[in-house]
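*Asks:* here are the coordinates; sequence isn't available:
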């Protein structure tokens, strides 16, 4: 991917492309079992098919806008807000974590626009994504983004207990817009965001949030750093 990736360049489907194959297999299995053994026997298979369809839904969102706005990168529940060490830029930071259960939308959106400075992929384990140690030990994919104002932001996709694939569609050198649909994690996971110290949280522990349409925080604090 090169150049500027515009969020409004195309209208996304209501079902994520990442799930089309899974949905087709689930529906085909349900139809086949219904045809061979009848509706009663097929009921559990139809339940699975409905679950697969809801998992891969990808609703369109009206993006939140405003000065210094950091968008929520994922749907789910806020499980961490507070000071932490940014393990990628080796600096004090404000850390935000959003946990996605299997009933949440799993399409991920970028919290800020700017330039992708670097991308890191780390293989790892698959412990419960709701646990703090998941940020350090699980499979994860991190992006370092410099905002137009010069703020340094790191967003990390973290695999969960049954997640087996992290998908990320942007890379080093890409110019991106806030709210860009940039990735997907299959079957339970979390997203961590590291912001400069002094950024103001707009969410609290336990809040349920939606990617792109809700504000996670507002950038602030000391003068933007250049790495």
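*Replies:* Happy to help now that I have it. Predicted model only: the values in this text are computed from it and were never measured. Numbers count the residues shown, from 1 in each chain.
*Asks:* what's the helix or strand for the spatially most central residue of the chain?
*Replies:* The centre of the chain sits closest to residue 108, judged by Cα atoms, centre = their mean, with a distance of 3.1 Å. Secondary structure assignment for residue 108, by DSSP states H and E: strand 107-109.
*Asks:* contacts for that strand?
*Replies:* Contacts of strand 107-109 with the rest of the structure, by Cβ atoms under 8 Å, 6 or more residues apart in numbering, involve 16, 58, 61, 71-74, 157, 179-185, 191, 211-212. Just so you know, the C-beta spots here come from the backbone N, C-alpha and C atoms, and that holds for glycine as well.
*Asks:* OK, contacts around the closest residue to the residue nearest to the centre of the chain other than its chain neighbours?
*Replies:* Using Cβ to Cβ, 6 or more residues apart in numbering and skipping residues adjacent in sequence, the residue nearest residue 108 is residue 183, 4.3 Å away. The contact partners of residue 183, taken as Cβ under 8 Å, 6+ apart, are 107, 108, 141, 157, 166, 167, 168, 169, 170.
*Asks:* re earlier: out of the contacts of strand 107-109, which sit inside helices?
*Replies:* Cross-referencing the contacts of strand 107-109 against helices under DSSP state H gives no overlap.
*Asks:* which of those fall within strands?
*Replies:* Counting by DSSP state E, the part of these found in strands is 71, 157, 181, 182, 183, 184, 185, 191.
*Asks:* for the second one, name its beta-bridge partners.
*Replies:* Applying DSSP bridges to residue 157 yields these beta-bridge partners: residue 141, residue 191.
*Asks:* can you pull the contacts of it?
*Replies:* 108, 140, 141, 142, 166, 168, 183, 185, 189, 191.
*Asks:* burial measure for the fourth one, as a count.
*Replies:* Right, the one you point to is residue 142. 21 (other Cβ atoms under 10 Å).
*Asks:* go on, the last one?
*Replies:* Number of residues near residue 191 (other Cβ under 10 Å) recorded here: 28.
*Asks:* same check on the fifth one?
*Replies:* Other residues near residue 166 number 20, with proximity taken as other Cβ under 10 Å.
*Asks:* list the contacts for residue 141?
*Replies:* Per Cβ under 8 Å, 6+ apart, neighbours of residue 141: 119, 120, 121, 122, 156, 157, 166, 168, 183.
*Asks:* residue 198: which of those residues is nearest?
*Replies:* Nearest to residue 198 among the contacts of residue 141, counting by Cβ to Cβ, is residue 156 at 20.4 Å.
*Asks:* my read: that closest one touches residue 142, true?
*Replies:* Yes. Counting by Cβ atoms under 8 Å, residue 156 does reach residue 142; the two are 4.3 Å apart.
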